[in-house]
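1. Kindly return the folded structure for what I paste below:
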Amino acid sequence: MKTYFRPLVLTGPEQPADALPLAGGPLWFDRVERLTRDKPPVVVPASDLPDRIVEHLTAPRAAIAGLDMGRVQIMGILNVTPDSFTDGGQHDAPAAALAHARRMLADGADLIDIGGESTRPGALAVPAGQEIDRTAPVIAALRAAGIKLPLSIDTRKTAVAQAAVAAGASLVNDVSGFTFDESLARFCADQALPVCVMHAQGDPQTMQQNPQYDDVLLDIYDYLEARVDALADAGIPRNRIIVDPGIGFGKTQAHNLALLARISLFHGLGCAVLLGASRKKFIATLGQAPQIADRVHGSVAVALAAVAQGVQILRVHDVFATRSALTLWQASVKGQAYDP
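-> Just a heads-up that it's a prediction; the model follows:
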């Protein structure tokens, strides 16, 4: 029976002599939760860990797209679609997209993720040509305006990624886990691009139709482990891979909460971890916030809980609120103004 190890992450300034650094960053752990599919979880000392797991949990994460994974990075969302679930139609012209990108830059974004195909529940696929027409001009406009932040293309399609990279994108974020278009991983390997591999059960059109798991946490860990291995076989080294458990993509509220409660498990993959929970339905439900604008508070709360478990990248709509809250959380933990 396969065994999994989740670090019980701590943030305090005083560390025991046997504490281990989490992913080479400022957080640490000295105990882990041992998980299997047939027994209740057991907490054991970190000294009981196999050497391979210690390496994956503690090794510093390499910089990705020039960004230091030893500090939390904020990925601002720029949807250039008419139908995204919170901001469809607001930024789907180059001028509007550029204005929003500049605002996110001023608000503290570290990178910007640009998507031309809505992946909200029930959304239909967009032809590659239309997706290119939405995204490539925006990326080119951002670069022409002097925006130097890393730009990510949120796509499942090789042709869209090729056009985006030619226009100035430097990271590929695929919600299908590089399973939709088999040539996309090869393109990213050939171009030495960093990638984000996400878990989704089903496709956007069908994913919320009664999703089922044997064990949502361990099933998704196994899926991402297999995808990381497949990407490595395709020529993308582990140090250029970000993993994303895919909150809301083929998951119920209970699934989402189970993943968030133990998201530190995914550090065992030896990759940087991204959380994309911003403004999603479970935040509206639990936070009693039916209006989109009211979801910011719950989104920030979820983001900070994930940061406390060592998540390195936060994909968010509300950059200023997230940056401000993160700065104050880090200063409170450190006991002084935080200077990353």
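
2. Neighbours of the closest residue to residue 139 other than its chain neighbours, how many?
-> On the basis of Cβ to Cβ, 6 or more residues apart in numbering, the spatially nearest residue to residue 139 that is not a chain neighbour turns out to be residue 167, at 3.9 Å. The way it works is simple: take the backbone N, C-alpha and C, and place the C-beta from them, glycine included. The number of residues packed near residue 167 is 21, by other Cβ atoms under 10 Å.

3. tally of neighbours for residue 184?
-> 24.

4. Contacts only, for the closest residue to it other than its chain neighbours.
-> Spatial nearest neighbour of residue 184, excluding adjacent residues (Cβ to Cβ, 6+ apart): residue 158 at 4.6 Å. By Cβ atoms under 8 Å, 6 or more residues apart in numbering, residue 158 lies in contact with 181, 183, 184, 187.

5. The third one and residue 109, how far apart?
-> Taking Cβ to Cβ, to the nearest Å as the measure, residue 184 and residue 109 are separated by 25 Å.

6. tell me which of the contacts of residue 158 is nearest to residue 273?
-> residue 184 (21.1 Å; Cβ to Cβ).

7. Distance check, the closest one against residue 119.
-> Taking Cβ to Cβ, one finds residue 184 at 15 Å from residue 119.

8. wait, is residue 243 part of a strand?
-> Yes - remark: residue 243 belongs to a strand, assigned using DSSP: H, G, I helix; E, B strand; the rest coil.

9. For burial, what's the neighbour tally of it?
-> Residue 243: 27 neighbours (other Cβ under 10 Å).

10. cool, and the one 5 residues further on?
-> By other Cβ under 10 Å, 25 other residues sit near residue 248.

11. Could you list the domains of the chain?
-> The chain breaks down into these domains under automatic domain parsing: 1-60, 66-334.

12. returning to that earlier point: look up phi and psi at the residue nearest to residue 184.
-> phi -60, psi -50 (degrees, to the nearest 10).

13. per-residue confidence for it?
-> In this model, residue 158 is scored at 98, pLDDT.

14. picking up where we left off before, how much space separates the residue nearest to residue 139 from residue 105?
-> 18 Å.

15. go on, residue 331?
-> 22 Å.
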